[in-house]
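**Student:** all I have is the shape, not the residue letters:
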């Protein structure tokens, strides 16, 4: 466990109080008197005092409010590769935080203690958008990541943080399942410089049975982000034995990505470990990840990675033209670097899509917990 760094507030920064309820915009009143939340495709219909499935949006005083604005389950400086993002400022540190709750019900959730929390005690720290940006600057972070639980559900807080960050040259990174309605989606991704989007499977059965959602809504988000925004994004699929790891499903997913998003979109196949409501499943064998990577590459995807395992071959970035190793990785540790400042292969000049600089950051695999003192 990493030590905790106490970040003291500077003068002139307003300390956030525990009043964390703010009004929201994405809802409407139904004929039956209930209010319908229009933030995500779940469309929760609420009466006075009720909360949505996400737990953090509720009907109060004839409107839907966000009840956790400015509150967090904790802050941590991570390597950007942990999000995971392999083509966005490699080697740089990112200030990460999440809140509580989620708008999906994934039985395999590996952050369930936060995303499935129904206890406000989970939210042990607090920070205004200005505080977060000041902390990121002081800690040398190039980006702020909205992660651990899905930032879609704390939409207003995430956007305010991202707006303040952009003014100071700090990037915003969303780690999200992409389960969001079109109108709030447009506003959300306008402020996100990069995203890792979970494509949890490629079957309606999986999304319905295991996640309580719909595949089509996620695919719609992927199409939107690719074709309507400038947000850099990468995909992640957690492969669960017997659920979404068949060769046929990986084949179909890979083909869809190439045909609809393009061959340049990086995709990460990550290893599952038993957690939450799937303790009966076995951990994903490394061979399953290697097989999925081979299938995806055979279908034309150029940048396919394995995650949650020590696999230098599957974790590294390779030139799709001359097959030179461009960025060597072992988990979150970077080694060899073979790119110029424009993100081109030093051997053959092939341009590698992403956001790169002449040299990688030097944060490495460190994880530093941070407490924003109040």
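**Tutor:** Good, I have the coordinates. On a predicted model such as this, the values are computed, not experimentally measured, just so you know.
**Student:** okay, CA-based contacts and neighbour counts for the rest of this
**Tutor:** Fine.
**Student:** now do the same contact list for the closest residue to residue 317 other than its chain neighbours.
**Tutor:** Nearest non-adjacent residue to residue 317, counting by CA to CA, 6 or more residues apart in numbering: residue 327, 5.0 Å away. By CA atoms under 8 Å, 6 or more residues apart in numbering, the contact list for residue 327 reads 316, 317, 318, 334, 335, 336, 337, 338, 339.
**Student:** how about the residues you listed in CSV, adding secondary structure?
**Tutor:** Shown next, in CSV, are those (DSSP: H, G, I helix; E, B strand; the rest coil):
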residue, secondary structure
316, coil
317, strand
318, strand
334, strand
335, strand
336, strand
337, strand
338, coil
339, strand
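**Student:** among these, which one lies nearest to residue 79?
**Tutor:** Checking the contacts of residue 327 against residue 79 by CA to CA gives residue 334 as the nearest, at 10.4 Å.
**Student:** list the contacts of that closest one.
**Tutor:** Residue 334 neighbours (CA under 8 Å, 6+ apart): 91, 327, 328, 364.
**Student:** this protein: helices as residue ranges?
**Tutor:** 112-115, 129-138, 155-167, 182-190, 204-206, 215-228, 247-260, 286-298, 312-315 (DSSP state H).
**Student:** could you chop this protein up by domain?
**Tutor:** Following automatic domain parsing, one gets these domains for the chain: 22-66, 71-372.
**Student:** follow-up on the earlier one: ranking by neighbours, what's the top pick from the contacts of residue 334?
**Tutor:** Counting neighbours by other CA atoms under 10 Å, residue 91 comes out on top of the contacts of residue 334 with 22 neighbours.
**Student:** give me the pLDDT value at that one.
**Tutor:** Here the pLDDT value assigned to residue 91 is 97.
**Student:** before we move on, the earlier item: can you list the helices of the chain in CSV and add mean pLDDT, distance to residue 44 and mean neighbour count?
**Tutor:** Putting the helices of the chain into CSV (pLDDT from 0 to 100; distance: least, CA to CA, whole Å; neighbours: other CA atoms under 10 Å) gives the following:
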stretch, mean pLDDT, distance to residue 44, mean neighbour count
helix 112-115, 56, 18, 21
helix 129-138, 95, 28, 20
helix 155-167, 97, 16, 20
helix 182-190, 98, 15, 17
helix 204-206, 96, 20, 16
helix 215-228, 98, 16, 17
helix 247-260, 98, 29, 17
helix 286-298, 97, 36, 19
helix 312-315, 95, 40, 20
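**Student:** so for residue 45, which of these sits nearest?
**Tutor:** helix 182-190 (17.5 Å).
**Student:** for the residue most central in space within the chain, which residues are in contact?
**Tutor:** Nearest to the mean C-alpha position of the chain, counting by CA atoms, centre = their mean, stands residue 175 at 0.9 Å. Contact analysis of residue 175 by CA under 8 Å, 6+ apart lists 83, 145, 146, 147, 148, 150, 151, 195, 196, 197, 198.
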